[in-house]
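Q: This is a predicted model, with the sequence first.
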Amino acid sequence: MRYIHPVGGHEKFVASGIYHHQYDGVDTGTTESWSIHELPDGAWMIRVDEDYRAQDGSSVLIEGWRSPLTEGGQLLRVDIHAFSGKHDDIKQVRATYTVDEDVLQIGREINNGEREWYTLQLPAGYILSPECLIFAGFEVDELATRQDKCASVIGYFPTFISDYAFKPVVYQPVARFIGDEQLTLGNKTYQARHFEQTESLHLWVDQHTILLKYEAGDASHGAVLHQYAHR
């Protein structure tokens, strides 16, 4: 697994795994490796390595800092290092999303150029959710508590088109709880909660709100968690 910053000696292991993307039940070669470590104050450092090199040559590395549960357990900072494929005009994007009270500060740097800065007024009840699967489990679990009410989810455009590359986007999905199910992955069976999000995605998460599996509405696209470990 690649990372922006290595795990520090003061960090304690929480969980890790690898998502394998699938099409019609067959692995595509795209993977998302992730790990969660706890800092001494109870905050979490969440690292992600999105590896699309087998598909288009691109990769996205992400670090998310989540506040301690005693302080709300909110994602307050996200760092992104993205590397494009061979045929993209943009070769590299670095972006930072930082929550500053009721404002989101966004910095974006393209091809080692000058950093651009943007601000976004944070809507009430917002959810900051990077565009990768480990955060999807946290997101859908929180959305489902809103009882069919829309919530403003803040993500970004995961593209290497210059006008949009990793700029913020706000959308308002709805999620509902379908039921408790048993889900077998490999040789292990999990107790999972099944959610439907905006009538197009089905997601299964465990008791730690870790995403175990997802399927798109037509069930042709999806991902399954492998090599899952939790303390």
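A: Structure received. Numbers count the residues shown, from 1 in each chain.
Q: Leaving out the residues flanking it, which one is nearest to residue 229?
A: Excluding the flanking residues, the one nearest residue 229 by C-beta to C-beta, 6 or more residues apart in numbering is residue 16, at 5.4 Å. Every C-beta, even on glycine, is put in place using the N, C-alpha and C of the backbone.
Q: And that neighbour, its phi and psi?
A: Torsion angles at residue 16 (phi, psi; degrees, to the nearest 10) stand at phi -160, psi 160.
Q: Thought residue 227 was touching it, still the case?
A: Yes: with contact defined as C-beta atoms under 8 Å, residue 16 counts as touching residue 227 (7.4 Å).
Q: The two: which has the busier surroundings?
A: Shown here are residue 16 and residue 227; by other C-beta atoms under 10 Å, residue 16 has more neighbours (18 against 11).
Q: Tell me if residue 209 really is in a strand.
A: No: judged by DSSP: H, G, I helix; E, B strand; the rest coil, residue 209 forms no part of a strand; its state is coil.
Q: Quick one: neighbours of it, just the number.
A: Residues lying near residue 209 (other C-beta under 10 Å) number 14.
Q: how much space is there between it and residue 55?
A: Distance, residue 209 to residue 55, by C-beta to C-beta, to the nearest Å: 28 Å.
Q: list the contacts for residue 38?
A: By C-beta atoms under 8 Å, 6 or more residues apart in numbering, the contact set of residue 38 is 11-14, 44-45.
Q: Would you quantify the distance from the residue nearest to it when sequence neighbours are not counted to residue 149?
A: Excluding its sequence neighbours, the residue lying closest to residue 38 (C-beta to C-beta, 6+ apart) is residue 12, at 4.6 Å. According to C-beta to C-beta, residue 12 stands 36 Å off from residue 149.
Q: Dihedrals phi and psi, residue 62?
A: Dihedral pair for residue 62: phi -130, psi 140, per degrees, to the nearest 10.
Q: Near the residue nearest to residue 122 when sequence neighbours are not counted, how many other residues are there?
A: The spatial neighbour of residue 122 that comes closest, neighbours along the chain excluded (C-beta to C-beta, 6+ apart), is residue 102 at 5.1 Å. By other C-beta under 10 Å, the residues close to residue 102 number 10.
Q: Please verify my assumption that residue 102 contacts residue 119.
A: No: the pair residue 102 / residue 119 is not scored as a contact, 10.6 Å apart, by C-beta under 8 Å.
Q: Against residue 230, how distant is the residue nearest to residue 229?
A: To residue 230, residue 16 is 8 Å away according to C-beta to C-beta.
Q: now swap in residue 99 and tell me
A: Relative to residue 230, residue 99 is positioned 27 Å away (C-beta to C-beta).
Q: the more surrounded of these two?
A: Neighbour totals were compared for residue 99 and residue 230, and residue 99 leads with 19 against 13 (other C-beta under 10 Å).
Q: all helices for the chain, in order.
A: With helices called from DSSP state H, the chain shows them at 133-144.
Q: sorry, back to before: filter the contacts of residue 38 down to the ones in strands?
A: Assignment to strands by DSSP state E places the following of the contacts of residue 38 there: 12-14, 44-45.
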